[in-house]
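J.: got a sequence here, can you build the structure:
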Amino acid sequence: MVKEIKTEKLPIKMWIDDVEAGALEQAKNLANFPYAVDHIALMPDCHQGFGMPIGGVMATTEVIVPNAVGVDIGCGMCAIQTSLTGISRKQLKKILGDIRTRIPLGFKHHKKSQDPGRMPALDDSEPMPVVKREYRSAMHQVGTLGGGNHFIEIQKGSDGQIWIMIHSGSRNIGKQVADYYNKMAIKLNQKWNSPVPKAHQLAYLPLNSDEGKQYIREMNYCVDFALASRKLMMDNTTAVFKNHFGDISFAPMINIAHNYAAFEKHFGKDVVVHRKGATKASQDTVGIIPGSQGANSYIVKGKGNKESFESCSHGAGRTMGRKQAIRSLNLEEETQKLNEKGILHAIRSQRDLEEATSAYKDISKVMDLQKDLVDILVELSPLAVIKG
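T.: Okay, here's the model as predicted:
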């Protein structure tokens, strides 16, 4: 831990030394949230979000906060170690082209509905209105990458192996669930004359209410959907590798989510831990911390640090917003940085600069700030990346 702030109702424990003003203000709102317990934890990739800073961890009793999970429920990482120890630039280009034919990117969906077996099972005995409304559409979206900071990356590990890594979320079904329950929580909080100011964007649902139970069911479905989607993309990606290399094997897939709420026990209390842009790092849990496009990523093992609610960062964290990056960064300079490293990257136009390396924090410094949260197992250098 870098420092601790004790000016609010609860302490704010920070693994970051340069938190932006907006994110700090949001953290103070969390520290004064009536149902938060023990303290608030800020990871080293922390930056301002909606209601709760991304890279924030909050434990609550009695209530769950949809905005403290966010709109991309279940967003997370998966990675697979291959048996390959090398790959040529020519092979990489062909592989990227083949992946693009199998996996829809950005706003694109599969033209045909995917196998229902690829979808998480629906429980008809419990009400899940949003999931059931969006289910047919989601069958076209499972196994699609999406846009923003989502990516498929081929990497060379410090273990000498070639790795495949994917970052993706729950697509539109997750957003629909998040928006539906956040709006519901806002209306109910106004009805109850909630002590939490509306401007804090922390409307909540009681855990023992029908609305709270329903949100938890639908949230968990979206977490499962996001994992199912990553699995399908990884299966399609490994199929491409098999087509190119034939006799190739793959280690078991590592998966970790970073936008969700979970029932856990901390400091002797049963609590709901909200991780918004934060990764579980309980003792010996294997996780993934990606860098920005062009920067290294890490396979890590959690140390189970109690003070962080057994959490760590979910990535490097932004230093500037998307629009600011597009306005202020130089296209030639950013592409030159990637070209000099020999990376097959995805920056082609000014708009792509929202995902440039300079829009993010230095991942090596981020990792240095959380040495008490995780151990590094494998450091991964980028070779080629596909962005949505």
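J.: could you use CA atoms for every contact and neighbour count after this?
T.: OK.
J.: helices of the stretch 51-200 of the chain, residue ranges please.
T.: When secondary structure is read from DSSP state H, counting those that start in this stretch, the stretch 51-200 of the chain shows helices at 89-102, 129-141, 171-191.
J.: possible to save the ones you listed as CSV with mean pLDDT, distance to residue 269 and mean neighbour count?
T.: Conversion of the helices of the stretch 51-200 of the chain to CSV gives the following (pLDDT from 0 to 100; distance: least, CA to CA, whole Å; neighbours: other CA atoms under 10 Å):
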stretch, mean pLDDT, distance to residue 269, mean neighbour count
helix 89-102, 97, 46, 14
helix 129-141, 97, 31, 18
helix 171-191, 98, 25, 20
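J.: residue 4 is nearest to which of these?
T.: Taking CA to CA, helix 171-191 is the member of those nearest to residue 4, at 30.0 Å.
J.: residues contacting the nearest residue to residue 115 once chain neighbours are set aside?
T.: Distances taken as CA to CA, 6 or more residues apart in numbering place residue 139 nearest to residue 115, at 7.7 Å, with adjacent residues excluded. For residue 139, the contact set (CA atoms under 8 Å, 6 or more residues apart in numbering) comprises 113, 114, 115, 116, 119.
J.: look up how far residue 221 lies from the fourth one.
T.: Think residue 116. 14 Å (CA to CA, to the nearest Å).
J.: for the two, indicate the residue with more neighbours.
T.: residue 221 (25 against 11; other CA atoms under 10 Å).
J.: surely the more buried one touches residue 120?
T.: Yes - counting by CA atoms under 8 Å, residue 120 is a contact partner of residue 221 at 7.1 Å.
J.: how many neighbours does the closest residue to residue 145 other than its chain neighbours have?
T.: Spatially, and ignoring its direct neighbours in sequence, residue 145 is nearest to residue 105 (5.1 Å; CA to CA, 6+ apart). A count of nearby residues for residue 105, using other CA under 10 Å, gives 20.
J.: ok, residue 105 - contacts?
T.: With CA under 8 Å, 6+ apart as the criterion, the residues that contact residue 105 are 144, 145, 146, 147, 387, 388.
J.: now the element after the longest helix seen in the chain, going C-ward?
T.: Secondary structure of the chain per DSSP state H: the longest helix is helix 210-245. Following the chain from helix 210-245 toward its C-terminal end, the next helix or strand by DSSP states H and E is strand 254-257.
J.: can you get me a residue count around residue 374?
T.: For residue 374, the tally of surrounding residues (other CA under 10 Å) stands at 27.
J.: quick check: it touching residue 301?
T.: Yes - counting by CA under 8 Å, residue 374 does reach residue 301; the two are 5.4 Å apart.
J.: any common contacting residues for these two?
T.: Shared contacts of residue 374 and residue 301, defined by CA under 8 Å, 6+ apart, comprise residue 281.
J.: reformat the contacts of residue 139 as CSV; add pLDDT.
T.: CSV is the format used below for the contacts of residue 139 (pLDDT from 0 to 100):
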residue, pLDDT
113, 97
114, 97
115, 96
116, 96
119, 98
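J.: name the member of those residues with the most neighbours.
T.: Ranked by neighbour count (other CA under 10 Å), those have residue 119 at the top, with 21 neighbours.
J.: confirm for me that that residue is in contact with residue 225.
T.: Yes - with contact defined as CA under 8 Å, residue 119 counts as touching residue 225 (6.5 Å).
J.: which residues are in contact with each of these two?
T.: Counting by CA under 8 Å, 6+ apart, the shared contacts of residue 119 and residue 225 are residue 142.
J.: now do the longest strand along the chain and helix 89-102, the angle between them.
T.: Among the elements of type strand in the chain, defined by DSSP state E, the one spanning the most residues is strand 374-387. Put simply, strand 374-387 runs at 70 degrees to helix 89-102, going by axes from the mean of the first three to the mean of the last three CA atoms, to 10 degrees.
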